[in-house]
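Undergrad: The following comprises the amino acid sequence and a computationally predicted model.
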Amino acid sequence: MSIDMMPGARFKGSIVTVGLWLTLVGAACAGEEESRGGLCGNGDLNFGEDCDGELFDYDAPFTCIQLGYNSPARAACGPDCRIDPTPCVSSGICGDGYATPFWEACDGKDNGGETCESLGFHAGRLFCRPDCQFDISRCERCGDGVVQPQYGEMMESGPQYCLDAGHFGGSNYTDDCVSSNEERCGNYALLAPAGSASRPQVTLRPDGSVQVLVRDTGAHPGFPDPRGWCPALTQVYDLSTDPPRVVGWLHAPICEREVLAVRSPGSSEEILYQREEDAPVVRQVDLGQGGRVVLRQAAGTMRMDRTDQNGRTLISSNLALTPRYTAPHLQVLPGAHVGTSSLALVGVSSLGPEGLLLAVYDPGSGAVRQLGLVPQVSVGGLEYRLDPIIGHRLIWVSTREWYLLARLEPVEGGTDGPALLRIKMTEDGRFAVSTVVRHVGRLPYWWPSYLTLRFVDDRLELTWALFDAGVTNVYRIVFSTGGEQLWDRSARLTPEARVEALFVEADGSVVLAGVGPSSTDAHPAGQRCRPAETALFQWRLDQELGNLRRSGFRTTAARWDFNGQPDFCNGTARTWDYRDGALVVTGAYPLLEGFCSDRERPPLEKTLPVHTCGVYLVRFE
């Protein structure tokens, strides 16, 4: 049995028996009739009255809106001290099928005689929203994203104007579809999320298109979410208050699905797929026309997939490796192909506590053939372990010969430090290790992730960048395969430069990418983004580490130190790729702040903010 207390009734104590409650109800009903009969109209709000004169019971629906009408005014009080809706009736009720003048633009199928044309639009069909306001989404108009020359339109707001003008991307803003209010065309593009985007990865494809792999909480057109309730929001708390207070909303990560998009020259992005994928991509290599090989890693598992150019998985194989401190490295093996096909074999190297594991992946069949394990090495009569935490760099000369850069840890005696080693597989399948360079000078104990090792013309070339005391230096050391140091040089980048990626071209010139403080002389004259204190940068050095050139793109998304401010979009997790002279970076940025222009930002509402993240691309040439 459910018992609800009467409006306005107040009882003390925690238990009321049913018999007593019925007695009280009977007394109350009798008292109510007596009260309204004897006290209604005295100007005081008495027991059982909804109102009396100008006084209204706060529990009674005394506004027109509470009664279902459109007017925000107050209802009247009738002579029986009950609510009288007479002052509300003229404003009408949204949903009664009649468009009440002044109060409603439309109601159901009644548009009040208005059409798309009468409202100033070109053509189309006018609909009515549930709140009795016009739905103009089916009207052909300036702002619908379609340039309609027959109505005198010359442009629309969005990226297409910039793409047609030959730019990589950007956006144009217009209010009349004839003249531009603000043109922000340039070497950047913004990918609109369906919900909120995170962890984008960029890949430059051989045909000049840009591929972006990202996770999104919303459903893109054509890829409905099977759960049906995403995207979902979760609260953001300010923990500095007691009790913590809600200060905003975030998209719940549980709704994330993987999205693969491709942006071809002169076109906006095309969504190739959106699907559930628990294991994110941690490494990938390009097979040219044969597609790509991607390494996926999740808790306790690794998987190798060969995909076509559209991201469709052709072959999938579990990799019998335990996830390490760093993901295994992949390298397309020079001159090694699968039978008579053009598919190249892929070398896999993984450094863990038990040693260095070497394997070969066949993208034609999906088979992974383990070559063996190098548990430890002998140098100068002493035994050393390979440090799995620092990581490693490996050059595959063939499937039987390698050059390895790793940090050695003495098993007993000796000193630790980075060393260059040569590994060869003997006829009986064992590994023979010899030392090329026992101590690599200049290379720090914790070497950076942006370090390259190349094998060129029987020489070993190491190139890396190091940030220290506000200065970034670039280093290059070249050794012969016999261990003789042939070359040692360094160069200094601009102050406060923070390198995030390093690429070495075939001729030995160096391309570095990262962020730094913005300065007016660092940006091309064509960039029209709003001022910002930070910028995305590329630095280029020739083979001799000379002739430093730099270019930048100023944006607030190039931050690296948030100074205690919340970073809702993981703004430091940028990825870079370089191919055929072009450098591209991608990252996530907060839509509430915008990337290039204030006009990107959504209109502010008098509600708590929803922190949503979009994806940007910036291209350097």
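TA: Perfect, thanks for sending it. Numbering: from 1, shown residues only.
Undergrad: C-alpha only now, for contacts and for neighbours.
TA: Will do.
Undergrad: Run through the residues that contact the residue lying closest to residue 470 once chain neighbours are set aside.
TA: In space, not counting the residues next to it along the chain, residue 470 is nearest to residue 496; the distance is 5.1 Å by C-alpha to C-alpha, 6 or more residues apart in numbering. By C-alpha atoms under 8 Å, 6 or more residues apart in numbering, the contact list for residue 496 reads 470-472, 516-517.
Undergrad: what do you get for residue 109?
TA: 97, 127-128.
Undergrad: how about the strands in the stretch 401-550 of the chain?
TA: Using DSSP state E, counting those that start in this stretch, the strands found in the stretch 401-550 of the chain span residues 401-410, 417-425, 431-437, 451-456, 459-468, 471-480, 485-492, 498-504, 510-517, 534-541, 549-554.
Undergrad: nearest residue to the residue positioned nearest the centre of the chain other than its sequence neighbours?
TA: Among the residues of the chain, the one closest to the centroid is residue 198, at 2.3 Å (C-alpha atoms, centre = their mean). Spatial nearest neighbour of residue 198, chain neighbours left out: residue 215 (5.4 Å); criterion: C-alpha to C-alpha, 6+ apart.
Undergrad: what's the neighbour count on that neighbour?
TA: Counted with other C-alpha atoms under 10 Å, residues neighbouring residue 215 total 25.
Undergrad: My understanding was that it contacts residue 200; is that so?
TA: Yes - between residue 215 and residue 200 there is a contact under C-alpha atoms under 8 Å: 7.0 Å.
Undergrad: would JSON lines of the strands of the stretch 401-550 of the chain with distance to residue 119, mean pLDDT and mean neighbour count be doable?
TA: Below are the strands of the stretch 401-550 of the chain laid out as JSON lines (distance: least, C-alpha to C-alpha, whole Å; pLDDT from 0 to 100; neighbours: other C-alpha atoms under 10 Å):
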{"stretch": "strand 401-410", "distance to residue 119": "71", "mean pLDDT": "94", "mean neighbour count": "21"}
{"stretch": "strand 417-425", "distance to residue 119": "74", "mean pLDDT": "94", "mean neighbour count": "20"}
{"stretch": "strand 431-437", "distance to residue 119": "79", "mean pLDDT": "93", "mean neighbour count": "19"}
{"stretch": "strand 451-456", "distance to residue 119": "62", "mean pLDDT": "94", "mean neighbour count": "18"}
{"stretch": "strand 459-468", "distance to residue 119": "61", "mean pLDDT": "92", "mean neighbour count": "19"}
{"stretch": "strand 471-480", "distance to residue 119": "60", "mean pLDDT": "94", "mean neighbour count": "19"}
{"stretch": "strand 485-492", "distance to residue 119": "63", "mean pLDDT": "94", "mean neighbour count": "14"}
{"stretch": "strand 498-504", "distance to residue 119": "53", "mean pLDDT": "94", "mean neighbour count": "22"}
{"stretch": "strand 510-517", "distance to residue 119": "49", "mean pLDDT": "94", "mean neighbour count": "23"}
{"stretch": "strand 534-541", "distance to residue 119": "45", "mean pLDDT": "94", "mean neighbour count": "22"}
{"stretch": "strand 549-554", "distance to residue 119": "42", "mean pLDDT": "90", "mean neighbour count": "21"}
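Undergrad: Could you dump the ones you listed into TSV with distance to residue 362 added?
TA: Below are the strands of the stretch 401-550 of the chain laid out as TSV (distance: least, C-alpha to C-alpha, whole Å):
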stretch	distance to residue 362
strand 401-410	18
strand 417-425	20
strand 431-437	22
strand 451-456	23
strand 459-468	27
strand 471-480	32
strand 485-492	37
strand 498-504	27
strand 510-517	31
strand 534-541	36
strand 549-554	40
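Undergrad: Which one of those strands lies nearest to residue 289?
TA: Residue 289 lies closest to strand 498-504 among these, at 22.8 Å (C-alpha to C-alpha).
Undergrad: Give me the sheet partners of that closest one and which way each runs.
TA: Strand pairing for strand 498-504, using DSSP bridges, gives strand 510-517 (antiparallel).
Undergrad: what's the spacing between the partner strand and its chain's center?
TA: Distance of strand 510-517 from the chain centroid (C-alpha atoms, centre = their mean, to the nearest Å) equals 21 Å.
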